[in-house]
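Kindly generate the corresponding structure for this input.
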Amino acid sequence: MTLENTASNNQKIGSINALRFAACMFVLFYHFCFVFYYAKTTQVDIPVLRELFKYGYLGVELFFIISGFVISLSAESRNAYSFLKSRLGRLYPVFWASAVVTGVFLVFGGAIINQPLGLNKFLANLTMVPQIIPGSYTLLDPSYWTLAVEIKFYFIILLLLIFKQFKRIELFSIITSVFIALGIFFTDMPIIWTSYFIAGILFYKVYKEGLTPWRIFGLCNTLFISIYFALARIPNHNANFAGADFNPTTITLYILSFFIIFLLISLNKFKIPNNKYVNILGVLTYPLYLLHQQIARILFTYANIKNIPLYISFVFIILLLFVLSYIIHKLFERHGRVFIDHKIDRIVPGFLKRL
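Have a look, this model is predicted:
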């Protein structure tokens, strides 16, 4: 029985959708109210919101835990070919549409934020990972950096499926977390996001089969690793945002709360029905995340040049982003997935489909 086929599973999806949307809004308001103010790219000066969303960047960490949970769900009942096709169909149509919309804004407004758009840069970004293309093409939108992290995780899952080892993902996850924890004491390790994906995988296992001593150990280990790396980044945050003074205790409590909330979801102690409103918020999260930062920088800067009051521009920009996200979702989410599915099915040889 799949996750979508029971009442409790419906609540599970509702809880994940609500959490996904909350994480997206946390990141969005962090950029609007905190980053934009300190970067002096706009005149968004709202002290209360600036302090409230100072730690909004941690919404990305929450996204990664969600990915670990959701991808475990998605991959468990698929072979490698089906998983790859589902990821391509889910990610690229909405991404391409969002990149085109962002590109249009940069063509007409990129100059006012010193972000001109070249054709090579745009085409490189359509790959989703322009960093791997010779020429060091910068990201169309700074928020795109998380996509490369997600793709690396998908690639690992794909390898497990190809070699028929997905059933051992829990064992691999716990062993990996132990090596990362040990590595903290011996070397600088560049895999600072891995613990969140592992936590998501283990939370999914808790949801499917319940708590075990090894799962408790793995989650405690990933919690320790996550907090360690989050605190290790404080000097960089303080240097980038002079005077902000990020608090270690606050960061620790945020990450701890993410783990507690996810544990409650996995144990069916935190339930939100997946009605049409919660569902639409969940599906809007992806295009909203892709669109929000660069477009908002342009519009806030333009509003400041034209002396448009902040309370008007702030509300207008948020509403516009929601409308654009909804349009992209309606036009490209399902239709784009079907298009990608058909194209891949036509070009991939039959023996690869059985992987």
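
Residue 207 and residue 150, how far apart?
As judged by C-beta to C-beta, to the nearest Å, residue 207 and residue 150 stand 21 Å apart. For glycine as for every other residue, the C-beta is placed from the backbone atoms N, C-alpha and C.

who's more crowded, those two?
residue 207 (21 against 18; other C-beta atoms under 10 Å).

Any regions of the chain where pLDDT drops low?
For the chain, applying pLDDT under 70 flags the ranges 1-12, 41, 135-137, 185-191, 348-355.

Could you rerun that using 50?
Scanning the chain for pLDDT under 50 picks out the ranges 1-11.

To which secondary structure element is residue 273 assigned?
Of the helices and strands defined by DSSP states H and E, none includes residue 273.

nearest spatial neighbour of it, skipping sequence neighbours?
Leaving aside its chain neighbours, residue 273 sits nearest to residue 14 (5.0 Å; criterion: C-beta to C-beta, 6 or more residues apart in numbering).

Pull the contacting residues for residue 42.
Contact analysis of residue 42 by C-beta atoms under 8 Å, 6 or more residues apart in numbering lists 36, 297, 300, 301, 304.

so how far is residue 69 from the residue most central in space within the chain?
Among the residues of the chain, the one closest to the centroid is residue 63, at 4.3 Å (C-alpha atoms, centre = their mean). Note on residue 63: its distance to residue 69, by C-beta to C-beta, is 11 Å.

starting at the chain centroid, how far to the one helix or strand residue 314 maps to?
According to DSSP H and E, residue 314 maps onto helix 310-328. What separates the centre of helix 310-328 from the centre of its chain is 20 Å, taken as C-alpha atoms, centre = their mean, to the nearest Å.

ok, and for that helix, which residues are buried?
313, 314, 317, 318, 321, 322, 324, 325, 328 (16 or more other C-beta atoms under 10 Å).

what do you get for stretch 26-35?
Buried residues in stretch 26-35, counting neighbours by 16+ other C-beta under 10 Å, are found at 26, 27, 28, 29, 30, 31, 32, 33, 34, 35.

Surely the second one and residue 61 touch.
No: contact between residue 27 and residue 61 fails when scored by C-beta atoms under 8 Å: they sit 10.2 Å apart.

mind checking the SS state of the nearest residue to residue 292 once chain neighbours are set aside?
Nearest non-adjacent residue to residue 292, counting by C-beta to C-beta, 6+ apart: residue 28, 5.0 Å away. Following DSSP: H, G, I helix; E, B strand; the rest coil, the label given to residue 28 is helix.

can you pull the contacts of residue 28?
Residue 28 is in contact with 56, 288, 289, 292, 321, counting by C-beta under 8 Å, 6+ apart.

In a markdown table: these, plus distance to residue 178.
Output for the contacts of residue 28, formatted as a markdown table (distance: C-beta to C-beta, whole Å):
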| residue | distance to residue 178 |
| --- | --- |
| 56 | 31 |
| 288 | 37 |
| 289 | 32 |
| 292 | 37 |
| 321 | 42 |
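
which among the residues you listed gets closest to residue 79?
Within these, the smallest distance to residue 79 is 29.0 Å, found for residue 289 (C-beta to C-beta).

circling back: could you measure the residue nearest to the centre of the chain against residue 70, distance?
On the measure of C-beta to C-beta, residue 63 and residue 70 end up 10 Å apart.

Repeat that for residue 223.
Counting by C-beta to C-beta - residue 223 and residue 70 are separated by 20 Å.

Which one's more surrounded, these two?
A count of neighbours by other C-beta under 10 Å puts residue 223 above the other of residue 223 and residue 70, at 19 against 16.

which residue packs closest to the more buried one, ignoring adjacent ones?
Using C-beta to C-beta, 6+ apart, the nearest residue to residue 223 is residue 259, at 5.3 Å.

phi, psi of the one you found?
The phi and psi values for residue 259, taken as degrees, to the nearest 10, are phi -70, psi -40.

residues touching it, list them.
Contacts here follow C-beta under 8 Å, 6+ apart; on that basis residue 259 touches 65, 199, 219, 223, 226.

how close does it sit to residue 304?
As judged by C-beta to C-beta, residue 259 and residue 304 stand 40 Å apart.

Could you do residue 38 as well?
Relative to residue 304, residue 38 is positioned 16 Å away (C-beta to C-beta).

Next: residue 226.
As judged by C-beta to C-beta, residue 226 and residue 304 stand 37 Å apart.

try residue 23
For residue 23, the distance to residue 304 equals 28 Å [C-beta to C-beta].

contacting residues around residue 248?
With contacts defined as C-beta under 8 Å, 6+ apart, the neighbours of residue 248 are 231, 234.

and what of residue 67?
Residue 67 is in contact with 150, 153, 197, 200, counting by C-beta under 8 Å, 6+ apart.
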